[in-house]
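Colleague: any chance you can model this:
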Amino acid sequence: MNRLRIIVSVDWFPPAFRAGGPIKSAYNLCALLSKYHDVWVVTGSHDLGELDALDVPQDEWNSVQIGDETIQVRYCSKANLNRHVWSNMLKTIEPNFIHLNSMFSKAYSLLPLRASRSHSEIQVVLAPRGMLGRAALSLKPLKKRVFLSFARTMDLFEGVSWHASTSNEADEVRMHFRSANIRIAQNLPASLSTKNLARPLDCWKLVVIGRIHPVKNLEFGLRALLNADTSRPVELDFIGPVEDAAYQKELEGIASAQDQVKVRFHGGIPPSELPAFFHSAHYLLSSTTQENFGHSIVEAFAHGCPVLISDRTPWLQLKDKGIGWDWPLDAAVWQRGLSEALTLDPERWAVLSEQALAFFKTDVRNSAAEKANLELFQP
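Modeller: Next comes the predicted model:
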């Protein structure tokens, strides 16, 4: 394999963590690419929703260790990233590829895309990261419809190779760009240290991981849980940055109005602190209306934590696999399903736990997914 020069452009990159999945997707891709190619990352200097900058040198190249490899990361302040800066970076680095991790980011997708037009030798790979899904397009819909119409009219993405994470996402791309050149490569999970630990037997512990935002449909899952039958007391931990303060207050109000389920809100926490929650939880709960990949889902599998999720993710037929349940977003279906999950005997739950861990090792983190991601960058 010839060693290529690749720029990965993304709005947030570690030590940022508050944007969740998109950060993990970009980081894990860089971890794989750096084994075979030279990688530069151009990213923002602030975490999502934060006024204070990350504690890193800004507007210069930083050597960052990923596993056994080193990549170069530039944390850009808003005042020091424009088309001219992008053009200079492209001339200096002379990349073979640019990988863009957003549909709508001006600084980290549209500007580098425009700058690359002056360098016909640079190939552009664009990952929409779920932004063409129905739920994502329902947020600020008029603005997005206008942009997509403009993009089609002006052939904004002409010559771009699209990186779809699933066949469903490939269909979403074709819906808006019929002649798109699309390759499918599953998002990569982290190379997690997979192990299993015993859980408490005196209660059921559930964890919800993700941004506190209406698109995550958290209220639906919470209400369904409150109406479910259970064989033990239930504790529920919400972990994720608050992007919608009014929605957070609504969730807190629902939680405080009852006493059958103990609910805690932890806010956003660094990824290094998540394993402790996974290892103490019996289930991950996610009633999302759309998930392009679901890093929290696969991380739950990696820690032997079965999942209780909607059927709006790529992870389906979970009951048949013996690693959890996926249900349509129907309140009665969720109430029945949760009642089944929360009345299992400890021995049956332990089987689910071991099967979830085995599923991660055999079906999630595999050589086929890595191969498909590397093939995105074939000249």
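Colleague: hmm, which helix or strand of the chain has the shakiest average pLDDT?
Modeller: helix 134-137 (a mean of 88; mean pLDDT, DSSP states H and E).
Colleague: past it, which element shows up next along the chain?
Modeller: Beyond helix 134-137 on the C-terminal side, the first helix or strand identified by DSSP states H and E is helix 141-153.
Colleague: same question for the very next helix or strand once past that next one, mean pLDDT?
Modeller: Later in the chain than helix 141-153, the nearest helix or strand by DSSP H and E is strand 161-164. Here strand 161-164 scores 97 as its mean pLDDT.
Colleague: neighbouring contacts of the helix or strand just after strand 161-164?
Modeller: Remark: after strand 161-164, the chain's next helix or strand is helix 167-176, criterion DSSP H and E. With contacts defined as Cβ atoms under 8 Å, 6 or more residues apart in numbering, helix 167-176 is touched by 128, 130, 132-133, 148, 152, 162, 164, 180, 182, 184, 292, 314. C-beta here means a position set from N, CA and C on the backbone, and glycine is covered the same way.
Colleague: and stretch 341-361, by the same measure?
Modeller: 189, 192, 194-196, 199, 201, 204, 228-232, 234, 282-283, 298, 300-308, 321-325.
Colleague: show me which of those residues are buried.
Modeller: Among these, the ones that count as buried by 16 or more other Cβ atoms under 10 Å are 189, 192, 199, 204, 228, 230, 234, 282-283, 298, 300-308, 321, 323-325.
Colleague: taking the residues you listed one by one, which sit in strands?
Modeller: Counting by DSSP state E, those place Trp204, Val234, Tyr283, Val307, Leu308, Gly324, Trp325 in strands.
Colleague: gap between the fifth one and Pro379?
Modeller: Think Leu308. Leu308 sits 44 Å away from Pro379, going by Cβ to Cβ, to the nearest Å.
Colleague: and the first one, by the same measure?
Modeller: Trp204 is 52 Å from Pro379, where distance means Cβ to Cβ.
Colleague: one more: the third one?
Modeller: As defined by Cβ to Cβ, Tyr283 lies at a distance of 45 Å from Pro379.
Colleague: quick one, helices of the stretch 151-300 of the chain?
Modeller: Secondary structure of the stretch 151-300 of the chain (DSSP state H, counting those that start in this stretch): helices at 167-176, 218-226, 245-256, 274-280, 295-302.
Colleague: distance between the third one and the chain's centre?
Modeller: Distance of helix 245-256 from the chain centroid (Cα atoms, centre = their mean, to the nearest Å) equals 24 Å.
Colleague: what residues sit buried inside that helix?
Modeller: Tyr247, Gln248, Glu250, Leu251, Ile254, Ala255.
Colleague: now, which of these sits nearest Gly337?
Modeller: Ile254 (19.6 Å; Cβ to Cβ).
Colleague: list the neighbours of the least confident helix or strand of the chain that are in contact with it.
Modeller: Contacts of helix 134-137 (Cβ under 8 Å, 6+ apart): Gly130, Met131, Lys144, Arg145, Val215, Thr289, Gln290, Arg312.
Colleague: again, 6 Å this time
Modeller: With Cβ atoms under 6 Å, 6 or more residues apart in numbering as the test, helix 134-137 has contacts from Gly130, Lys144, Val215, Thr289, Gln290.
Colleague: so Ile98 touches Ile7, yeah?
Modeller: Yes. Between Ile98 and Ile7 there is a contact under Cβ atoms under 6 Å: 4.8 Å.
Colleague: for Arg336, find the nearest of the helices of the stretch 151-300 of the chain.
Modeller: By Cβ to Cβ (comparing all of these), the closest turns out to be helix 218-226, at 9.7 Å.
Colleague: which intervals of the stretch 101-250 of the chain have sub-threshold pLDDT?
Modeller: Residue ranges of the stretch 101-250 of the chain with pLDDT under 70: 192-194.
Colleague: Ala170: neighbour count?
Modeller: Ala170 has 17 neighbours, counted by other Cβ atoms under 10 Å.
Colleague: skipping its backbone neighbours, what lies nearest it in space?
Modeller: Ala164 (4.0 Å; Cβ to Cβ, 6 or more residues apart in numbering).
Colleague: again with Ala53
Modeller: Leaving aside its sequence neighbours, Ala53 sits nearest to Ser45 (Cβ to Cβ, 6+ apart; 4.8 Å).
Colleague: quick check, pLDDT for the one you found.
Modeller: Reported pLDDT for Ser45: 98.
Colleague: next, it: phi, psi?
Modeller: Note on Ser45: backbone dihedrals following degrees, to the nearest 10 are phi -90, psi 0.
Colleague: quick one, what contacts it?
Modeller: Ala53, Leu54, Gln58, Tyr75, Cys76, Ser77.
Colleague: now do stretch 275-282: everything it contacts.
Modeller: Against stretch 275-282 from outside (Cβ under 6 Å, 6+ apart): Leu197, Arg199, Trp204, Lys205, Val207, Ala300, His303, Cys305.
Colleague: so for that stretch, what gets flagged as buried?
Modeller: Pro275, Phe277, Phe278, Ser280, Ala281, His282.
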